[in-house]
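K.L.:
The following comprises the amino acid sequence and a computationally predicted model.
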Amino acid sequence: MNAARRVGGRSRKELSSSALLAELRKRADPKRLEGMARFAIGGKNTLGVSMPEIRAVARKAKRNHTIAKELWGSGVHEARILASLLAEPSSMKPAEMDKWVKDFDSWDVCDQTCMNLFCLTPHAFAKAMDWCARKGEFERRAGFALMACLAVHAINEPDESFLPFFDAIKSEATDDRNFVKKAVNWALRQIGKRNKNLNKAAVRSAREIAKLDSRSARWIASDALRELTGDAVQQKIRGK
């Protein structure tokens with residue numbers, strides 16, 4: 001008999017990885033695959049399950065790190081996103097994080113794993129700096145995606161924890177690979193929206209990046225400056 005507990009009025013059970021995979025397959029719609037491919041989502045092991053459906057499956061199951069590892073090991077696109085929702089952040093070791101990040105083959109798996117799991121681990125800041133210097137496109141993206149997620153979710157972290165990120169952002173701003181430059185831009189914008197001090201530092205960094213002889217760097221800088229100096233962000237940070 002499955003053990004169950006009540007969470008937010010719902011019953012969460014200890015479900016096996018095979019049961020969770022079966023649930024994902026039941027919710028799969030192959031008609032989605034063409035649309036997903038247009039947005040560079042998924043690959044040959046993609047079922048065609050939407051993100052809301054994946055989250056619905058996650059809400060049925062208790063967090064279980066062993067089950068999460070089994071889901072990740074299946075290689076199924078949606079199962080890996082589900083794994084990021086069921087893994088225990090406190091159980092993630094640096095070596096295991098490195099292993100998972102090497103498996104990234106799609107920007108959505110990368111971003112969801114950073115958002116749902118990696119940014120909640122005690123190793124997040126160190127791994128962001130480590131991965132952003134990697135050569136692989138999705139490994140490097142993971143570093144900057146993790147920075148962006150930390151900027152949003154690490155609410156009580158002091159400004160000093162984010163300052164080293166600016167050198168990394170400037171260093172890799174000339175990488176013209178699509179999934180990297182967008183993540184660099186994302187990190188710069190999110191850090192600059194935390195508060196007044198980090199906004200000033202991000203704007204200063206963006207202006208330095210704008211001077212680099214790189215089309216990618218110029219795009220990153222101009223897009224970030226447009227948002228960070230805009231009325232909406234300025235009003236928001238003045239209210240903090």
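P.N.:
Everything's here; your move.
K.L.:
what helices or strands is whichever strand or helix holds residue 59 leaning on?
P.N.:
Counting by DSSP states H and E, the element that carries residue 59 is helix 51-60. On a contact count with 3 or more CB pairs under 8 Å, 6 or more residues apart in numbering; DSSP states H and E, helix 51-60 meets strand 10-13, helix 17-27, helix 77-86. C-beta coordinates here come from the backbone N, C-alpha and C atoms, glycine included.
K.L.:
Now do the second one and helix 51-60, the angle between them.
P.N.:
Spelled out, that is helix 17-27. Angle, helix 17-27 to helix 51-60, by axes from the mean of the first three to the mean of the last three CA atoms, to 10 degrees: 150 degrees.
K.L.:
Also the last one?
P.N.:
The directions of helix 77-86 and helix 51-60 differ by 50 degrees, with the same axes, to 10 degrees as the criterion.
K.L.:
pLDDT of helix 77-86, averaged?
P.N.:
Averaging pLDDT along helix 77-86 yields 98.
K.L.:
Of the helices and strands packed on helix 51-60, which stretch is the most buried?
P.N.:
helix 77-86 (a mean of 25; mean count of other CB atoms under 10 Å).
K.L.:
Please list the outside residues in contact with that one.
P.N.:
Contact partners of helix 77-86, identified using CB atoms under 8 Å, 6 or more residues apart in numbering, comprise 17, 20-21, 24, 28, 41-43, 45-47, 49, 51, 54-55, 57-58, 61-64, 67-69, 71-72, 74, 103, 106, 108-109, 112-113, 115-117.
K.L.:
Can you tell me which of the residues you listed are buried?
P.N.:
Burial by neighbour count, 16 or more other CB atoms under 10 Å: within the contacts of helix 77-86 this picks out 17, 20-21, 24, 28, 41-42, 46-47, 49, 54, 57-58, 61-62, 64, 67-69, 71-72, 74, 106, 108-109, 112-113, 115-117.
K.L.:
roughly how far apart are the residue nearest to residue 131 when sequence neighbours are not counted and residue 126?
P.N.:
Closest residue to residue 131 apart from its sequence neighbours, by CB to CB, 6 or more residues apart in numbering: residue 143 at 3.4 Å. Distance of residue 143 to residue 126, computed by CB to CB, to the nearest Å: 11 Å.
K.L.:
Could you check which of these two is surrounded by more residues?
P.N.:
Looking at residue 143 and residue 126 with other CB atoms under 10 Å, you find the greater number of neighbours at residue 143, namely 26 against 12.
K.L.:
secondary structure element for that one?
P.N.:
Per DSSP H and E: helix 137-153 holds residue 143.
K.L.:
now for the helix or strand following that helix, which elements pack on it?
P.N.:
Elements were assigned by DSSP H and E; along the chain past helix 137-153, the next helix or strand is helix 163-172. Packed against helix 163-172 by the contact rule (3+ CB pairs under 8 Å, 6+ apart) you find helix 124-131, helix 137-153, helix 178-192, helix 196-210.
K.L.:
any chance of those helices in a markdown table, with distance to residue 81 too?
P.N.:
Conversion of the helices and strands packed on helix 163-172 to a markdown table gives the following (distance: least, CB to CB, whole Å):
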| stretch | distance to residue 81 |
| --- | --- |
| helix 124-131 | 18 |
| helix 137-153 | 14 |
| helix 178-192 | 17 |
| helix 196-210 | 29 |
